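Participant: any chance you can model this:
(2 chains)
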Protein chains: 2
Amino acid sequence: MLSLEIQHTDGKARAGVLSTPHGPVQTPVFMPVGTAGSVKGVTPEQLTAAGSQMILANTYHMMLRPGGDTVAKLGGLHAMMGWEGPILTDSGGFQVFSLAHMRSIDDEKVVFRSHVDGNTVELTPRKCIEIQRQLGADAIMQLDECPPGNASFEQVASAVDRSILWARECKCAWREDTESDQSLFGIQQGGVFEDLRARSAEALVELDLPGYAVGGLSVGEGHQEMARVLDAADSQFPADRPRYLMGVGEPRDILAAVQRGIDMFDCVLPTRNARNAFAFTWGGPLRMRNAKWTDQAVPIDEDCNCYTCRNFSRGTIRHLFMAREMLGPTLVTIHNLHFFAEFMSAIRESIAVGTLESDAQRWVCGMYPAAQEPADEN
Amino acid sequence: MLSLEIQHTDGKARAGVLSTPHGPVQTPVFMPVGTAGSVKGVTPEQLTAAGSQMILANTYHMMLRPGGDTVAKLGGLHAMMGWEGPILTDSGGFQVFSLAHMRSIDDEKVVFRSHVDGNTVELTPRKCIEIQRQLGADAIMQLDECPPGNASFEQVASAVDRSILWARECKCAWREDTESDQSLFGIQQGGVFEDLRARSAEALVELDLPGYAVGGLSVGEGHQEMARVLDAADSQFPADRPRYLMGVGEPRDILAAVQRGIDMFDCVLPTRNARNAFAFTWGGPLRMRNAKWTDQAVPIDEDCNCYTCRNFSRGTIRHLFMAREMLGPTLVTIHNLHFFAEFMSAIRESIAVGTLESDAQRWVCGMYPAAQEPADEN
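Facilitator: Residues are numbered from 1 along each chain as shown, chains lettered A, B, ... in the order given. Below is the predicted model:
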């Protein structure tokens, strides 16, 4: 089971150690996403070298291909992925509502058409837990209903109530395996509506779960609205449980969330943007296909100590992207994952010395120069 | 400059050490191909871990993109590719005749249309050496004319004469840089015609070059014909110079060539086949997309010590290919490169103890089970 030891606080921000069956994790932590059983473009060895501590895999993708039975026969996700550190699996809810062709939803189940083979698939709270048991991650998620970003109050309220119902059923199914060392997280829904967020949190906390996730954000509501919703998180969730903001990875959003008491993050941003030749730096983004790098023998970031920056120039990386070599995406993925690991490490140190507010302001100024777009709009 | 120290012989086969400006190479050696400045799918760190000693880059590809000037500004191929070991560059001749749209050829030059941007490009023996000087490889190749596999005696004879002329011009251009530590190889042509091969070798040996390459094989003539042509190689080339069979990588062809006194090989086979989910083993090929691996928790080869086999099952690798994850090609590339490094190492040991003939027979029986096709027909 997971346990969180808070070592430092700075305002609402917390830095500590999350103990897991697969070793300790320094928090706040950013988890790279291994959608289909692989963090795209890198080996687990490269992930570790880049400083990644804990990764996420998608239950939705793994249940459709290769299937929970196969993952179990291959020894579970850790053995299958060749990753010895902790893993978190989401419940599949988000992907069902965003990727699949939905057929129907009621309080019992959600029925959808697989994007892999077109087959009709049924997912229930119990099945969601059973598949995640086969996957064997350290942290598992309840099945939840994720309304779209533009949903009405009534739609969001209905999703909150159904997600609470499903949280109870997931807890029952999870508790049946008394020897499990997996930790179940409840997922708060409620969109941008304060009272729905409160209702959702209250019901989940009553279930006394090992961890709590904030879902349904980063769906178009914008930075300010996200921060406003998170203002209440610190008072809504118990201090001794990890708090996980799902799907958020834009550095300024991470900073705002950490300052509101969030401990865990995941996002495809560093890996997906890397494959699009977009490199993160403390001074703002670099687009590696830009012709101005053609003859530049300097690395992406001269102060960066990642494998990519120690061995490759901007000119080489641009060339690799222009020539469509796999090594281009791999090298920028390594750099971006290292950047995110360093960024989270800097946040933890800043919390420890109590300077997060001023550090965060400085970092945001550096990373979002007025002339450039934020990363998530590319 | 290169120098070859022969340490063991077994029949015509030789095992030794090739000294290069970037360190020693155990021979016979197989060189993975880094076509466009990257051995596809792996980092230099992974190449080294897989046991690769020396790699090849394509002058044709590098001269078209990013261009010799840019490579020079980025510090040369070694710095650009992040590879500290020795590099060999081919002359571009083979690619001009196989990839480009040829416009014209005479004794002065070959003119072709770039496959990258459609521009008309002119390549002369002098320009070929100048570009290879910018690239900075340890071993460089003369410009040669490569007739197709079905060329007539007259066509091949003309290509031999032109290639001899170009070898002389390349030597002049190479010698002008008196401080160069690059080593120029002449390229023997002559197709499957013994007297043309002899004429080609004689003229090249007269030029007293640091190394000699056998070109124009593996173009459809078949295993037996290749072996027959190579029967004369040992007597055609001086014993103290490295002999390089261009573009050959099928294990049984490598064995036949080593037994006829060849020291160096290159081929896209281990890397290209890896991207097509084809894994080399001592017991014959495995097609990793095959459904029979779905639930198999064992590695590609239980006796293999590569990163892939130490950490990933056949089931995982199959899944990664089915899900089109980049990691699938990367993992099989690592395995195949490790297999080729181990294969060459076994050949060297076998030469040292004088058992190459019987070992080679046993290996070929294991690698080419009657029921399966040889790797190069896939």
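Participant: going forward, measure contacts between C-alpha atoms and count neighbours the same way
Facilitator: OK.
Participant: what sits against A:Ala274?
Facilitator: By Cα atoms under 8 Å, 6 or more residues apart in numbering or on different chains, the contact list for A:Ala274 reads A:Pro329, A:Thr330, A:Val332, A:Thr333, A:Asn336.
Participant: mind giving me the PyMOL command for buried ones among these?
Facilitator: A single PyMOL command suffices to select whichever of these are buried according to 16 or more other Cα atoms under 10 Å in any protein chain shown:
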select buried, chain A and resi 329+330+332+333+336
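Participant: could I get the contacts of A:Ala274 as a markdown table with distance to chain B, secondary structure and pLDDT?
Facilitator: As requested, those are arranged in a markdown table below (distance: Cα to the nearest Cα, whole Å; DSSP: H, G, I helix; E, B strand; the rest coil; pLDDT from 0 to 100):
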| residue | distance to chain B | secondary structure | pLDDT |
| --- | --- | --- | --- |
| A:Pro329 | 10 | helix | 98 |
| A:Thr330 | 8 | helix | 98 |
| A:Val332 | 12 | helix | 98 |
| A:Thr333 | 12 | helix | 98 |
| A:Asn336 | 16 | helix | 98 |
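Participant: got a pLDDT number for A:Phe94?
Facilitator: A:Phe94 carries a pLDDT score of 85 in this model.
Participant: since we're on it, how many residues are nearby?
Facilitator: Taking other Cα atoms under 10 Å in any protein chain shown as the neighbour definition, A:Phe94 ends up with a count of 22.
Participant: and A:Leu230, by the same measure?
Facilitator: Neighbour number of A:Leu230 under other Cα under 10 Å is 25.
Participant: pretty sure it sits against A:Arg260.
Facilitator: Yes. With contact defined as Cα atoms under 8 Å, A:Leu230 reaches A:Arg260; the gap is 6.2 Å.
Participant: and stretch A:98-116, does that touch chain B?
Facilitator: No. Judged by Cα under 8 Å from any Cα of the partner chain, stretch A:98-116 and chain B are separated, with a smallest distance of 9.1 Å.
Participant: now the terminal residues of that stretch, how far apart.
Facilitator: Using Cα to Cα, to the nearest Å, the gap from the first to the last residue of stretch A:98-116 comes to 14 Å.
Participant: buried stuff in that stretch?
Facilitator: Under the neighbour-count criterion of 16+ other Cα under 10 Å, stretch A:98-116 has A:Ala100, A:Met102, A:Lys109, A:Val110, A:Val111, A:Phe112, A:Arg113, A:Ser114 buried.
Participant: which ones are touching A:Pro21?
Facilitator: Contacts here follow Cα under 8 Å, 6+ apart; on that basis A:Pro21 touches A:Met1, A:Leu2, A:Pro86, A:Asp138, A:Asp181.
Participant: what sits against the residue of the stretch 151-300 of chain A found nearest chain B?
Facilitator: Distances between the stretch 151-300 of chain A and chain B by Cα to the nearest Cα are smallest at A:Ala297, namely 4.9 Å. Residues near A:Ala297 by Cα under 8 Å, 6+ apart: A:Ser313, A:Arg314, A:Gly315, A:Thr316, B:Lys73, B:Leu74, B:Gly75.
Participant: change it to 7 Å
Facilitator: A:Ala297 makes contacts with A:Ser313, A:Arg314, A:Gly315, B:Leu74, as judged by Cα atoms under 7 Å, 6 or more residues apart in numbering or on different chains.
Participant: turn those residues into TSV, including neighbour count, pLDDT and secondary structure.
Facilitator: Formatted as TSV, the contacts of A:Ala297 follow (neighbours: other Cα atoms under 10 Å in any protein chain shown; pLDDT from 0 to 100; DSSP: H, G, I helix; E, B strand; the rest coil):
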residue	neighbour count	pLDDT	secondary structure
A:Ser313	27	98	coil
A:Arg314	26	98	helix
A:Gly315	27	98	helix
B:Leu74	24	98	coil
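Participant: which one of those residues is nearest B:Ala279?
Facilitator: Sorting those by distance to B:Ala279 puts A:Ser313 at the head of the list, at 32.3 Å, by Cα to Cα.
Participant: now that closest one, nearest residue through space, not along the chain?
Facilitator: The shortest distance from A:Ser313 to any non-neighbouring residue, by Cα to Cα, 6 or more residues apart in numbering or on different chains, is to A:Pro299 (4.2 Å).
Participant: chain B contacts on chain A?
Facilitator: Residues of chain A found near chain B, taking Cα under 7 Å from any Cα of the partner chain as the criterion, are A:38, A:40-43, A:66, A:70, A:73-74, A:80, A:82, A:295-297, A:311-313, A:315-316, A:319, A:325-327.
Participant: sitting in helices, which of the residues you listed do you find?
Facilitator: Among those, the ones falling in helices (DSSP state H) are A:Thr70, A:Lys73, A:Met80, A:Asn311, A:Gly315, A:Thr316, A:His319, A:Leu327.
Participant: need the max-distance pair from those.
Facilitator: Pairwise distances across these peak at 44.9 Å for A:Lys73 and A:Gly315 (criterion: Cα to Cα).
Participant: just the mean pLDDT for stretch A:291-307, thanks.
Facilitator: If you average the pLDDT over stretch A:291-307, you get 98.
Participant: how near is the residue of chain A positioned farthest from its centre to B:Lys127?
Facilitator: Going by Cα atoms, centre = their mean, the residue of chain A most distant from its centre is A:Asp295, 36.1 Å out. From A:Asp295 across to B:Lys127, the span is 21 Å (Cα to Cα).
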